[in-house]
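> My questions are about this predicted structure, shown below with the sequence.
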Amino acid sequence: MPQISVIIPTKGRPDLLMRAVGSALGQTLSDLEVIVVVDGDDPETIVRLGSVADRRLNIIVNQTSLGAPMARNVGARSAVGRWLAFLDDDDEWSLKKLEKQLSLVRSDDINVIVTCLTQVVTPFGQSVRPRKIYDNSMAFSEWLFDRRTLAGGEGFIQTSSLVMSKSLFDKFQFRPGAAVHDDWDLLLRATSVGVKIITAPESLVRCYIEEQRATVTGSYKLEQSLEWAKASKGTITPRAYSGFCLTVAAQRARMRGRIDDFIRLLWLACWYGAPTAMQLLIYFGIWLLPVSVRRKIGRFAVARQS
């Protein structure tokens, strides 16, 4: 029985997938299995996976596409490791990621989730996030959504950094109604009942975002994002809710450029949330300033904090 099972959902991106699979099979912690869940009809990906001569690789093919969250659940159900780790097919790991993360917990620490710093790679540059490690002293939702500086990136966490016991995952899993923010949703539900988060203070994941390519999850709509936030109010504080509307959802809304979105998000944040001066400043900046100017301000703010 392997110590840890790695779950990778994929669809239609064989080149990226092979990079991810290689970074998982190449881990210094070799007592593992890698479960790739091919989410629907994808013969090219299956052929490419068939060329991998490693018995630790297991392939599951969904007859119909379920989306990334449910595909991860399918992989987790077949996993036999005591621990689970999740990896998106377009990300990759440092070769010591699992070794370093599991060194932070005892084998009986089943009520913790282990994460790490992430090197975020975009067409516009790279940065290491989060800039502030979560220490369990505040509401997780506020750490995640309540931006307190112009720089941003204080709260950042994503699927490819997560490690948890299989028994803990079985209690929460990824919810079908949270497909737009499935990793945040699981973490919010877990931390709301006392699960602790431990973070390895090293960049052990490379996450590629803001690239124009298809994803397993697919692009989400603003309405889906707001519905998720509304349904998650039990795990999101008012201050975090307003932060979500004025910073996270605002960036999606700004891409559409509709004045009714501007009014609606501001109303939701003020009526149901507890907006701060910084949240409002960021919100108006998102709507009034060009993207290039906002990036310059962000870089300047980061440099001031360094």
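Good, I have the coordinates.
> tell me the strands in this structure, going along the chain?
Using DSSP state E, the strands of the chain run over 4-10, 32-39, 57-62, 83-86, 92-93, 112-122, 125-129, 163-165, 196-208.
> quick one: which of those strands is nearest Gly153?
Nearest to Gly153, of all the strands of the chain, is strand 125-129, at 4.6 Å by Cβ to Cβ. Backbone N, C-alpha and C define where each C-beta goes, glycine included.
> And for the residue nearest to Pro130 when sequence neighbours are not counted, the neighbour number?
Spatial nearest neighbour of Pro130, chain neighbours left out: Phe156 (4.1 Å); criterion: Cβ to Cβ, 6 or more residues apart in numbering. Residues within reach of Phe156, counting by other Cβ atoms under 10 Å, total 21.
> thinking again about what came up before, could you tell me the least trusted of the strands of the chain?
If you rank the strands of the chain by mean pLDDT, strand 125-129 sits at the bottom with a mean of 90.
> mind listing what the residue nearest to Pro130 touches?
The contact partners of Phe156, taken as Cβ atoms under 8 Å, 6 or more residues apart in numbering, are Thr118, Val120, Arg129, Pro130, Arg131.
> Quick check, pLDDT for the fourth one.
Per-residue pLDDT puts Pro130 at 96.
> Is there a neighbour count for it? I'd like the number.
Residues near Pro130, counting by other Cβ under 10 Å: 19.
> From Gly153, how far out is it?
Here the distance between Pro130 and Gly153 works out to 6 Å (Cβ to Cβ, to the nearest Å).
> Where does the prediction get shaky in the stretch 101-250 of the chain?
In the predicted model, the stretch 101-250 of the chain carries pLDDT under 70 at residues 210-220.
> beta partners of the closest residue to Lys100 other than its chain neighbours?
Once flanking residues are discounted, Lys100 sits nearest to Ala200: 5.3 Å by Cβ to Cβ, 6+ apart. On the basis of DSSP bridges, Ala200 is bridged to Cys116.
> wait, Ala200 sits on Thr118?
No - contact criterion Cβ atoms under 8 Å: Ala200 and Thr118 do not qualify, at 10.6 Å.
> Who are the contact partners of the closest residue in space to Leu144 that isn't next to it in sequence?
Of all residues not flanking Leu144 in the chain, Gly155 sits nearest, at 4.3 Å (Cβ to Cβ, 6+ apart). By Cβ under 8 Å, 6+ apart, the contact list for Gly155 reads Pro130, Lys132, Tyr134, Trp143, Leu144, Phe145, Asp146, Arg147.
> what number of residues lie near the fourth one?
Okay, so that is Trp143. Quick note: Trp143 (other Cβ under 10 Å) scores 23 neighbours.
> measure the closest residue to Arg148 other than its chain neighbours to Arg264 for me?
Nearest-residue entry for Arg148: Met278, 5.8 Å, with adjacent residues in sequence omitted and distances by Cβ to Cβ, 6+ apart. Distance from Met278 to Arg264, counting by Cβ to Cβ: 21 Å.
> Tell me who's in contact with Glu154.
Counted by Cβ under 8 Å, 6+ apart, Glu154 has contacts Pro130, Arg131, Lys132, Trp143, Arg147, Arg148.
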